[in-house]
Each structure stands twice: as C-alpha cells, then as structure tokens.
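**Student:** Build me a model:
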Amino acid sequence: MFRVVIFVTSVMLILGINMSVSAEITEDMIVAAWLFDGDAKDVTGNFDGKQQGGKYVEGQIGQAIELNGTSEWIDITERMGSFEEITFSHWVKCTGRDSGWRVFFNVNGWKAGDIHYQLHPNNKVEFSIHSNPGGNDTFANFAVTGGELNKWIHIATAYSAIEKKMRFYINGELDNELDWGGNPGVLDPGRIGDWNNSRQWQGMIDEFIILNTVTSEGDIKSLMNDGYETSLAVDPKEKIAVTWGSLKK
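**Tutor:** Sure thing, here's the model as predicted:
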C-alpha cells in the first residue's frame, strides 16, 4: 500500500497535479462563463453574449476574443441578479488605451447598486458599486500600464457584502484586501469591453467567469492554471482518472 501511495504521488508530481490545492468549484456557483472559444456563448446557457465585432485569436486557454478599443464589445442583454457575494475571474491582455478607462464589465447604467468593473485612468483595477457604504470605488494596487501592457495577466476580484471585504488577486496571488461595503451589487444588462459606447477595451479577454461566492485563492489558481472546464472536476480523484485515461492512450 505504501508503495502505491508513493507511485501515485510521483505520477501526480510528474503530471503537475497540485496535491495541496483541490478545486471546490461547483456548477451552482457559476453565474456565467464566457470562454470565448470561437463564440460569445455563456456555457451555463443563461446569458449568451451578443458579439459586436471582435475576432477570435489564440488565448491562454483555447481561444480568446480580441477587441479593437473603439467599436467592439459583447452585449449581455439579460439581468443576472443581485449578489451579496461575487467573484470575477478572467485573463486579459491590454494592447492600448494606456491611462484611459478600459472596461471589463459595466452595467449599462449607473444607479444605486450597479456594478462597474474596469481599469481606471490611474491604470489600476477598479471595482465599484454605486452608493456602497465607504464610497463607490475600490482599487487594486496593481496597475496595467508600462511593462504590463501586451502581457497576459490573470485578474480575480472578489467582493463580500457579508464580510464587508474586497479582495483583488493578480496572477493567482492576493494583491490587495480592503474593508469596504455592505450592500449587494447588481448585475443588470451590461457590456463586456464597453460602457455607453465609451471606455472600450483594447486587447484580448479570455475565460471571463462570474461566480456567486467569494472564491478561495486555491480555486482562483485552479481557474487560472486549468481553466473553467477542468476546475469543475471537484474531486481530485476525477482528475487522476482523466490523467490515467490519457496515459493509457
């Protein structure tokens, strides 16, 4: 038995399976997931995007959508709901509009509760909820400017009205944690990559996922490294079984 454990452990190490972190992401946590593998469909089937321009290019996991920074975006035409806890997770590569507003996802309007999630002209990742206690806006320390342009970056942003906490993660590591808020955030119809025909995103977006919970650092790393579809395999034994199947072939 001891030899079997050593053997399995060795195989997991060789194949790069992280034994210390197992994803705990289940389908009921997923609000929407746009993988941008050739289309703007939400893999949950609930909130398919309407693509306004853009093209598909090689991404970090499969394909990504590239937007031109002027006239291209993804319309999300349905209300997704009100959230006491929420996490955004996505890959981006910004290729222009340095020191300008650059939208990840903004609700179309700007009323009490609306979520705006974007790069501020100070180049920092900004998460906003209109009329939230403590002010509308919070910021990561990380700025997408200079040497961070034209580079793939994984960003995850987690808000809890219950904890009154805001957390920003860059490339799987905690970048900033703040005491903030207390009100739920609202995702009414909005756009990925644009707000009211302005603030357009220039560059690539990949694996844009919204969850209805505060996602752990381990799960954020799983989404970053393995992608949405692999991260939904909750039980590490399932991942080993898939790996063994690949080995046998």
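**Student:** Could you pull up the residues touching the residue most central in space within the chain?
**Tutor:** Nearest to the geometric centre of the chain sits Ser89, at 1.5 Å (CA atoms, centre = their mean). Residues counted as contacts of Ser89 (CB atoms under 8 Å, 6 or more residues apart in numbering) are His154, Ile155, Ala156, Glu207, Phe208, Ile209, Ile210, Leu211, Thr215, Ile220, Leu223, Met224. All C-beta spots, glycine's among them, are computed from the backbone N, C-alpha and C.
**Student:** from those residues, which ones fall inside helices?
**Tutor:** Counted as lying in helices by DSSP state H, out of the contacts of Ser89, are Ile220, Leu223, Met224.
**Student:** any idea whether the residue nearest to the centre of the chain is helix, strand or coil?
**Tutor:** Three-state assignment for Ser89 (DSSP: H, G, I helix; E, B strand; the rest coil): strand.
**Student:** Please report how far the closest residue to Thr138 other than its chain neighbours lies from Lys50.
**Tutor:** Sequence neighbours aside, Met166 is the residue nearest to Thr138 in space, at 4.7 Å (criterion: CB to CB, 6 or more residues apart in numbering). Computed as CB to CB, to the nearest Å, the Met166 to Lys50 distance reads 30 Å.
**Student:** Over to Phe142?
**Tutor:** Using CB to CB, Phe142 is found at 30 Å from Lys50.
**Student:** Which one of those two is surrounded by more residues?
**Tutor:** Phe142 (19 against 11; other CB atoms under 10 Å).
**Student:** Buried residues of the one helix or strand the more buried one maps to, list them for me.
**Tutor:** For Phe142, the host element (DSSP states H and E) is strand 137-143. Using 16 or more other CB atoms under 10 Å as the test for burial, strand 137-143 gives Thr138, Phe139, Ala140, Phe142, Ala143.
**Student:** got those residues as JSON lines, with pLDDT columns?
**Tutor:** Formatted as JSON lines, the buried residues of strand 137-143 follow (pLDDT from 0 to 100):
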{"residue": "Thr138", "pLDDT": "98"}
{"residue": "Phe139", "pLDDT": "98"}
{"residue": "Ala140", "pLDDT": "98"}
{"residue": "Phe142", "pLDDT": "98"}
{"residue": "Ala143", "pLDDT": "98"}
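**Student:** Sort out which one of those lies nearest Pro189 for me.
**Tutor:** Comparing the buried residues of strand 137-143 against Pro189 with CB to CB places Thr138 closest, at 23.2 Å.
**Student:** Break down this protein into its helices, ranges please.
**Tutor:** 2-14, 217-226, 228-231, 236-248.
**Student:** In stretch 34-48, which residues are buried?
**Tutor:** The neighbour-count criterion (16+ other CB under 10 Å) identifies Trp34, Leu35, Phe36, Asp37, Ala40, Lys41, Asp42, Val43, Phe47, Asp48 as the buried residues of stretch 34-48.
**Student:** roughly how far apart are His154 and Gly193?
**Tutor:** Going from His154 to Gly193 by CB to CB gives 17 Å.
**Student:** the more surrounded of those two?
**Tutor:** Gly193 (29 against 21).
**Student:** OK, contacts around the nearest residue to Thr145 once chain neighbours are set aside?
**Tutor:** Excluding the flanking residues, the one nearest Thr145 by CB to CB, 6+ apart is Asn123, at 3.9 Å. With contacts defined as CB under 8 Å, 6+ apart, the neighbours of Asn123 are Asp98, Ser99, Ala143, Val144, Thr145.
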